[in-house]
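A.B. asks: Here is my input, please return the structure:
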Amino acid sequence: MLSAPNGNMLWSSDPETINQIATQGTKFTKPVELFSFFDTYGPNMQTSVGDDWKSHRKIVAPAIGPHSNAAMWQSALHESKRLTDLMMKVDPVITHMKDHMSEISLHCITKCFFDKDLEYETIREFPTPGLPSGRFGFVEAMFTTIDKLGVIDSIPKGLRELIPFEGIRRADKAYRDLYSHMVEICDKAAEMDKKNPKDTEMSVMDTLIAGTRPESAEKHGKVMSRDTLIGNVFFFLLSGHGTAGNTLGFMMFLLATWTVTGEFMRLYNGYTGSVLKEAMRLYNVVEFIPRRCLTDTPVTDLSGHQFTVPRDTLCLLNFTAAFRHPKIWPARPDCKDSTGHYHPMLDFDPTRWDSYGDKIMKPADVGLRTYFPFGLGGRACLGKSLGSIMMIGVLASIFKDYSVELVAPQAIEEEAARSGASEEWIKERTYSWALKMLVDEVECNLLIELRKELPLCRPLGACGSKPGKPKLAGCLTVSLPYWFLLAPIIALDGYVSMKEVQKWFPWTAIFRIWQAGYKIFEEIGSDSFFLYSPSGSMLMTCDVHLVKQVLGQVHDFHAPVEVLSLYNLYGPTLAASEGEQWRLYRKITTPFFNQKTYRVVWRESLEKAERVSTQWSQRDTCITDVKEIMSKLNLRVIAKIFYNQELEYDRNDAMKDVAPSGHRLTFSEAINAVLSNLATIFGLPKWLLAKSPFESHQKAYLGFLEWRQYMHEMRDSVQSQLEMAKRKEEPYFLESLVISSDAASKQEGTRSLTEAEVLGNMFFYVMAGFDTTSTTLSFMFLLLALHPSSQVLLQQQLDRVLGSKMPSEWNADEDVPQLLHGYLGAVISETLRLYHPVAWYARKAVRETTVTDSKGTSHIIPADTIIMIDVAAIGRHTGYWASGGTRAESKEHSPALDFDPSCWLKTEGQGEQTNEAAFPFSAGHRMCPGKRFAEVEMCAMVARFFSQFSLRLEPDESDALEAKSAGHDQAWLERKTKDRAAKALFEGLGFGHGIYPKSHVPFKILVRDDRVSRS
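C.D. replies: Numbering: from 1, shown residues only. Below is the predicted model of the structure:
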């Protein structure tokens, strides 16, 4: 049992447990949401449940019986002979055995189920005579669609047409051509049904067409739509030929390494049947089946122990492990390979089935409850008898006249020719090679299959060898940055939806880390836990003692640059670098952050705030989107100080930016478009963004281009006056970068920056300073509006420190330290505790490292582990922050109700509050270099606004109307307004580069009537 904060998963290989889960249909249901890819062409039996599934079953049931068994037997014999005759004419060396076996299965199914004869396309490398030019044949369309099903299922039709990649275009063409082939089958069957409707000895197609008749509603409980009809045709084609074809392929390879003695033709309960059963035991193409528990259900295991499966548990019934269970299926003595590991091919022994005889068909008998290759219970494979008949027929037909043997691959033959090795040596090497391939090259996509065509086979006695090209299956490996952006940590296969995965592990969706807070750690009962995925291990922690080690041990933990590479949109950045590269960027950029710069920050912040204050004092102002205002103000400060740019704005509206000549977007609009679409710009190729019809993609691409143009213009401006910049004692930020890119200005022991490095770091510093600071300011204003008493305490400190001085007289060296060490600084710290714009920090273990937790227990962190430091959980950890005010009741409510700046101040009889759990700007050598910059800017903005104004939450119009109509008093309306605001500050957050207030919380700007006179 694997437990996650929001659900459980049961993995079982116990045959007894599997039987109980699979056969209790009222307590365990099929999670059809995991099989949505089967709906590629329309709804079908596989993805239906309840009455809908029963209706499907009733419709199709008449097709299964003695008449279909006989038809399948004749099809298997006929198609096998056709294929072997063609093989011998073309080439006795078979290099695509799996494809040939899959095609035989497809031919048998299309003939038996849908009365359609097919050409053997794989023999002739997919030529299809008689088709319109360029149209795929049925086999090629089917094979390609299955091979590219992940692409087809995940990329919308309209978008597939725009992508120039050959593989995606081929997938789209196969999808459309297969659809047209299936439509032709359905139309022909419908026409035949009109002329001569059948009610007996019906094929699958006959029953499906009958399901579209009006009378099917009364007879079967539903009438199939056109989409459902075609969806079911695809389902039967896919499920039938895939399982049988892959199983036949494995049997061929197993028989090529097995000495066959005695009479081979003894049908299902003879040796042929034993070969089939043994092959399906060792290489069952369905590795597991999933079920979801509907209610707490007790089950027992093979040893008789009972345990309860909790409600909503996802159960994965592992057939592969169950069929190799040592208590039921003892392995052969010689089943280990040269490395001493178990090898399923060496365990291949059809004679083990002799002891069962015909009992294998009786599930109640001993041994039979441990073998269920076609599933169990009400949803067991409907076509299991047809599948068995087809495979037995193919085996019987082929091996009646032929045998198979391994053919040495070209590399082994060439080695033998060079060394003069004997035929016996070649056979031994080929056998060892086949053993290795039947483990290393078996993969699970939709079903387990051989990734390469290995080994090669030929009829016994054929001369010569002709090595074929290995067929490589398309494989998508999600790199770590994409993995973080896409959210899921684990997937059953390439087709599981992101939404379903997030139900299991909501913590692994970075978009939900802030909302989760400390609750998940509390429920798990630990401040640290590991998660494991195909991408590697991850350590989730909010243990401050452990966090300090991770942030402080420079040589053991680095920044995970592969995760942070999404910041490298325009070039390499400080954030996504390590080692010498990081030290170079840090050396160039950090001298800019000094006291002289902070004085300029103070002055510019007050000046920019002054313009807005003047406007607010002259008109009645209600703010609905505080983030927009803070973003523009903060960006104006950064543009001036970092890049010496005075951004244009409307003289009649201090908050309205103006785009300069040659630009479609303002400075603010451009950077916001980039940051709000960071994942889109990083994850999609630029050519695709440029051609995409989606408005969000067009907006992202325009922002990307516009911001790049702004950076080029600023860089060129400095470049044109480079000599002047070099003579400055303290150049501003952009000048430092451009000077560092000039080879003539290079310092000894350092290299010059490339143009990409200049642009990359220009973007990163704007992104890092702009988004985080403006977001924090936004939350500060909203929290202070929610807590009027905190506003009063803040204004009292401002009056004490600033007195009656005009803002132009405020002094950075004298006033900032007092303000930051008083209530204003406490407001900043408390806001960052509860609403830190970055919900987590990430580090990566560069070597196996031992750390201790807060309890003193030692733990080993494996090399390459990603450590996720949960800043949001630390800020709401009940063990680090004492309860007070409403905090004790806020665990299930908005953190906005926890807002209490006083916890950061000295209290009477105590020293200064120790806040070891606080590092809002990170810690260690990678601590944010702009920490003081941000503190000074926020201090200036808050001081300027709250020295003159107060904030008051504005009631929602619907609440005001309700209060008026119901006669509620003002206190009721204020409580309702506060509750609505607190809810928005919990449920209404968005996630872009970091968290931000997405739902608007309106508040009114009021001129203070108690302020100190400033004249």
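
A.B. asks: In the stretch 801-950 of the chain, where is pLDDT below threshold?
C.D. replies: 882-892, 907-914 (pLDDT under 70).

A.B. asks: which residue ranges form the strands in it?
C.D. replies: Remark: strands assigned in the stretch 801-950 of the chain by DSSP state E, counting those that start in this stretch are 840-845, 849-852, 858-861, 866-870, 949-953.

A.B. asks: How about the stretch 101-250 of the chain?
C.D. replies: Listed in chain order, the strands of the stretch 101-250 of the chain (DSSP E, counting those that start in this stretch) amount to none at all.

A.B. asks: Name the spans of it whose pLDDT lies under the cut-off.
C.D. replies: 122-133.

A.B. asks: Most tightly packed of the strands of the stretch 801-950 of the chain?
C.D. replies: Of all the strands of the stretch 801-950 of the chain, strand 866-870 has the most neighbours on average by mean count of other Cβ atoms under 10 Å, namely a mean of 24. Quick note: C-beta positions are derived from backbone N, CA and C, even for glycine.

A.B. asks: For burial, what's the neighbour tally of Met724?
C.D. replies: A total of 11 residues lie near Met724 under the criterion other Cβ atoms under 10 Å.

A.B. asks: The helix or strand harbouring it packs against which elements?
C.D. replies: Using DSSP states H and E, Met724 sits in helix 722-726. Under the contact definition 3 or more Cβ pairs under 8 Å, 6 or more residues apart in numbering; DSSP states H and E, helix 722-726 sits against helix 733-740.

A.B. asks: C-terminal to the helix it packs on, what's the next element?
C.D. replies: Helix 733-740 is succeeded, C-terminally, by helix 755-786 (DSSP H and E).

A.B. asks: Go through the strands of the stretch 801-950 of the chain and name the closest to Leu539.
C.D. replies: strand 866-870 (4.7 Å; Cβ to Cβ).

A.B. asks: what sits up against that closest one?
C.D. replies: 480, 513, 521, 536-542, 547, 550-551, 557, 560, 563, 839-845, 861 (Cβ atoms under 8 Å, 6 or more residues apart in numbering).

A.B. asks: Now do it against strand 840-845, angle only.
C.D. replies: 150 degrees (axes from the mean of the first three to the mean of the last three Cα atoms, to 10 degrees).

A.B. asks: before we move on, the earlier item: residues contacting the helix holding Met724, please?
C.D. replies: Contacts to helix 722-726, defined as Cβ under 8 Å, 6+ apart, come from residues 718, 731, 735, 738-739, 742, 745.

A.B. asks: of the contacts of strand 866-870, buried ones?
C.D. replies: For the contacts of strand 866-870, a burial check counting by 16 or more other Cβ atoms under 10 Å picks out 480, 513, 521, 537-542, 547, 550-551, 557, 560, 563, 839-845, 861.

A.B. asks: which SSE is the closest residue to Asp956 other than its chain neighbours in?
C.D. replies: Nearest non-adjacent residue to Asp956, counting by Cβ to Cβ, 6 or more residues apart in numbering: Arg980, 5.9 Å away. Following DSSP H and E, one finds Arg980 within helix 970-987.

A.B. asks: List the residues that contact Ser778.
C.D. replies: By Cβ under 8 Å, 6+ apart, the residues touching Ser778 are 626-627, 630, 996-997.

A.B. asks: where does Gly25 fall, helix, sheet strand or coil?
C.D. replies: Secondary structure state of Gly25, per DSSP: H, G, I helix; E, B strand; the rest coil, is coil.

A.B. asks: residues contacting it?
C.D. replies: Contacts for Gly25 were tallied using Cβ under 8 Å, 6+ apart; they are 377-379.

A.B. asks: got those residues as CSV, with neighbour count and distance to Glu184 columns?
C.D. replies: Shown next, in CSV, are the contacts of Gly25 (neighbours: other Cβ atoms under 10 Å; distance: Cβ to Cβ, whole Å):
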residue, neighbour count, distance to Glu184
Gly377, 17, 36
Gly378, 14, 33
Arg379, 19, 30
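
A.B. asks: Dump these into TSV; add pLDDT, distance to Ile1005 and secondary structure as well.
C.D. replies: TSV is the format used below for the contacts of Gly25 (pLDDT from 0 to 100; distance: Cβ to Cβ, whole Å; DSSP: H, G, I helix; E, B strand; the rest coil):
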residue	pLDDT	distance to Ile1005	secondary structure
Gly377	81	66	helix
Gly378	81	66	helix
Arg379	80	63	helix
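
A.B. asks: would you turn those residues into TSV with distance to Gln796?
C.D. replies: Listed next are the contacts of Gly25 as TSV, based on distance: Cβ to Cβ, whole Å:
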residue	distance to Gln796
Gly377	72
Gly378	72
Arg379	70
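
A.B. asks: measure Gly42 to Leu208 for me?
C.D. replies: Using Cβ to Cβ, to the nearest Å, Gly42 is found at 12 Å from Leu208.

A.B. asks: Could you pull out the strands in the stretch 301-450 of the chain for me?
C.D. replies: In the stretch 301-450 of the chain, the strands defined using DSSP E, counting those that start in this stretch lie at 306-309, 314-318, 404-407, 442-444, 448-450.

A.B. asks: I'd like to know which of these has the weakest mean confidence.
C.D. replies: When those are compared by mean pLDDT, strand 448-450 comes last with a mean of 45.

A.B. asks: thinking again about what came up before, mind listing the shared neighbours of Gly42 and Leu208?
C.D. replies: Joint contacts of Gly42 and Leu208 (Cβ under 8 Å, 6+ apart) are 229, 232.

A.B. asks: These two: who's more crowded?
C.D. replies: Leu208 (28 against 21).

A.B. asks: which residues touch that one?
C.D. replies: 59-60, 189, 224, 229, 232-233.

A.B. asks: So which of the strands of the stretch 801-950 of the chain is nearest Arg611?
C.D. replies: Closest of these to Arg611 is strand 949-953, at 14.2 Å (criterion: Cβ to Cβ).

A.B. asks: Would you mind writing the CA trace of the closest one as CSV?
C.D. replies: The C-alpha trace of strand 949-953 is given here as CSV (Å, rounded to 0.1, in the frame of the first residue of the first chain):
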residue,chain,number,x,y,z
PHE,A,949,-4.0,57.2,3.3
SER,A,950,-5.9,54.4,4.9
LEU,A,951,-7.6,51.4,3.2
ARG,A,952,-11.1,50.2,3.7
LEU,A,953,-12.6,47.0,2.1
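
A.B. asks: Need the residues that contact whichever helix or strand comes after that strand.
C.D. replies: Once the chain leaves strand 949-953, the next helix or strand it forms, by DSSP H and E, is helix 957-966. Helix 957-966 has contacts (Cβ under 8 Å, 6+ apart) with 955, 968-969, 972-973, 976-977, 980.
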